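Asker: sequence plus the predicted model coming up.
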Amino acid sequence: MPARPRQNLGDASPSSGAQNLEANNKTAILKQFISVHDVTDIDALVSKALSYKSNPLKDQELGANKRIGCLFLNPSMRTRLSTHIAAQNLGMDVIIFNVGNEGWALEFEEEAIMSGSTVEHVKDAAPILGKYFDILAIRTFPSLKNREDDYSELFMKQFVKYAGIPVVSLESATLHPLQSLTDVMTITEELQKFPKELSANKQKALQRNPTGQKPKIVLTWAPHVKPLPQCVANSFAQWINAWRKVDFVITHPEDYELNKEFTNGATITYDQDEALKNADFVYVKNWSTYTDYGKIYCNDPGWMLTCDKLKYTNNAKVMHCLPVRRNVELSDEILDSSTSLVTEEASNRVWAAQAVLSEILNG
């Protein structure tokens with residue numbers, strides 16, 4: 001496997017980030033949370049999330065007299081509920097607003113002539129939200145119709161530009177950083193549970209021992225009944241590549257290549273069985289085509305992950321961000337077995353969000 005290039009994670013190196021945390025009694029490393037590039041030390045953030053899991057209310061006064069506004073431009077369940085709980089654990093007031101159903105239709109284009117269906121420009125709405133709240137958390141979604149528009153991340157960028165307060169992405173047109181932080185947290189937690197006779201080499205990898213055998217993670221495409229965004233897959237690839245502690249393989253049918261901006265550093269193969277060999281973790285997710293944007297070319301049910309396919313792995317644990325189409329993406333036999341991490345993974349969403357919010361509040 002070719003060596004993965006180091007990626008820029010901000011102004012400070014991971015090691016300096018950890019030193020700064022220790023020196024400043026874990027003061028903030030986040031000014032906003034839009035992608036992995038906002039994080040100076042992934043492991044420090046994961047460690048904080050795990051600490052909240054063991055003691056959820058230890059910082060329950062941190063957010064006293066602070067308010068977070070959660071704006072949803074598309075539906076959500078786990079992201080909405082977990083972020084709400086995380087903010088409450090920190091003592092914050094939480095206001096949730098469903099923009100599409102409860103507010104005016106927003107315009108995001110600069111210099112727009114607003115003679116159509118949009119009623120209010122983000123240039124007017126966002127600064128007011130910046131006065132109402134201390135943190136603004138936003139969930140938006142791609143159209144899957146125009147790649148240039150979606151990948152410009154106009155909605156998220158305009159809120160960041162005009163709100164004047166820290167912005168947290170609850171998913172955007174191209175990325176889902178809270179999900180990816182949760183995924184790295186879940187993998188870290190699971191590696192710590194490995195039996196002693198299996199964990200020695202794995203732990204060496206986590207300590208960046210170049211002679212240690214790195215854990216192997218496979219991101220595999222799965223069939224679905226409709227075209228889905230690339231957000232989760234893009235974000236998972238971005239975070240795993242930036243983490244640099246595992247061997248990372250992405251497998252999918254031909255024509256389902258993701259944007260190289262996110263996958264650069266991973267091994268990519270069209271052979272799912274080959275990819276699964278000796279895997280320790282298998283992350284299952286559907287995504288639509290990127291080049292001919294938003295399409296379904298192949299919906300081969302043979303790509304559904306089953307227990308039979310796991311025979312190629314190193315007793316791999318299986319992950320999925322949920323919601324999942326049972327017996328389309330993943331078989332019942334996997335989801336209902338001890339192999340599945342999906343429930344634990346979803347529950348960890350609270351602690352990942354709490355770690356992010358606390359780091360911003362500390363700033």
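Answerer: Nice, thanks for sending it over.
Asker: so residue 158 sits in a helix?
Answerer: Yes. According to DSSP: H, G, I helix; E, B strand; the rest coil, residue 158 belongs to a helix.
Asker: quick one: the closest residue to it other than its chain neighbours from residue 237, how far?
Answerer: If the residues on either side of it in the chain are set aside, residue 158 comes closest to residue 122, at 4.6 Å by CB to CB, 6 or more residues apart in numbering. Backbone N, C-alpha and C define where each C-beta goes, glycine included. To residue 237, residue 122 is 29 Å away according to CB to CB, to the nearest Å.
Asker: show me where the chain has its strands.
Answerer: In order along the chain, the chain carries the following strands (DSSP state E): 67-72, 93-98, 106-107, 120-121, 135-139, 167-169, 216-221, 247-251, 267-269, 281-285, 317-319.
Asker: can you tell me what sits against the last one?
Answerer: Residues external to strand 317-319 that are found in contact with it (CB atoms under 8 Å, 6 or more residues apart in numbering): 183, 186-187, 190, 280-284, 305, 310, 330, 334, 339-342, 345.
Asker: next, count neighbours for the closest residue to residue 141 other than its chain neighbours.
Answerer: Nearest non-adjacent residue to residue 141, counting by CB to CB, 6+ apart: residue 74, 3.9 Å away. Counted by other CB atoms under 10 Å, the residues lying close to residue 74 total 13.
Asker: could you report the pLDDT at residue 74?
Answerer: On pLDDT, residue 74 comes in at 91.
Asker: quick revisit: tell me which of the strands of the chain sits nearest to residue 355.
Answerer: strand 167-169 (11.5 Å; CB to CB).
Asker: packing partners for that closest one?
Answerer: If contacts are counted by 3 or more CB pairs under 8 Å, 6 or more residues apart in numbering; DSSP states H and E, strand 167-169 sits against strand 135-139, helix 154-163, helix 177-191, helix 349-362.
Asker: could I get the average pLDDT for it?
Answerer: 98.
Asker: go on, stretch 260-280?
Answerer: Here the average pLDDT along stretch 260-280 is 97.
Asker: again with stretch 93-103
Answerer: Here the average pLDDT along stretch 93-103 is 91.
Asker: so what touches it?
Answerer: Counting by CB under 8 Å, 6+ apart, 66-74, 80, 84, 87-88, 106, 132-133 sit against stretch 93-103.
Asker: number of nearby residues for residue 253?
Answerer: Counted with other CB under 10 Å, residue 253 comes out at 17.
Asker: contacts only, for residue 278.
Answerer: 216, 312-314.
Asker: now, of those residues, which are buried?
Answerer: 216, 312-313 (16 or more other CB atoms under 10 Å).
Asker: quick one: least confident of these?
Answerer: Ranking the buried ones among the contacts of residue 278 by pLDDT, residue 312 lands last with 93.
Asker: now do that one against residue 273, distance only.
Answerer: Residue 312 is 6 Å from residue 273, by CB to CB.
Asker: that older thread, with distance to residue 53 added, can I get the strands of the chain in CSV?
Answerer: Rendered in CSV, the data for those read as follows (distance: least, CB to CB, whole Å):
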stretch, distance to residue 53
strand 67-72, 20
strand 93-98, 20
strand 106-107, 36
strand 120-121, 40
strand 135-139, 20
strand 167-169, 19
strand 216-221, 21
strand 247-251, 25
strand 267-269, 32
strand 281-285, 19
strand 317-319, 17
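Asker: how about those strands, which one is nearest residue 233?
Answerer: That would be, of those and by CB to CB, strand 281-285, which comes in at 5.2 Å.
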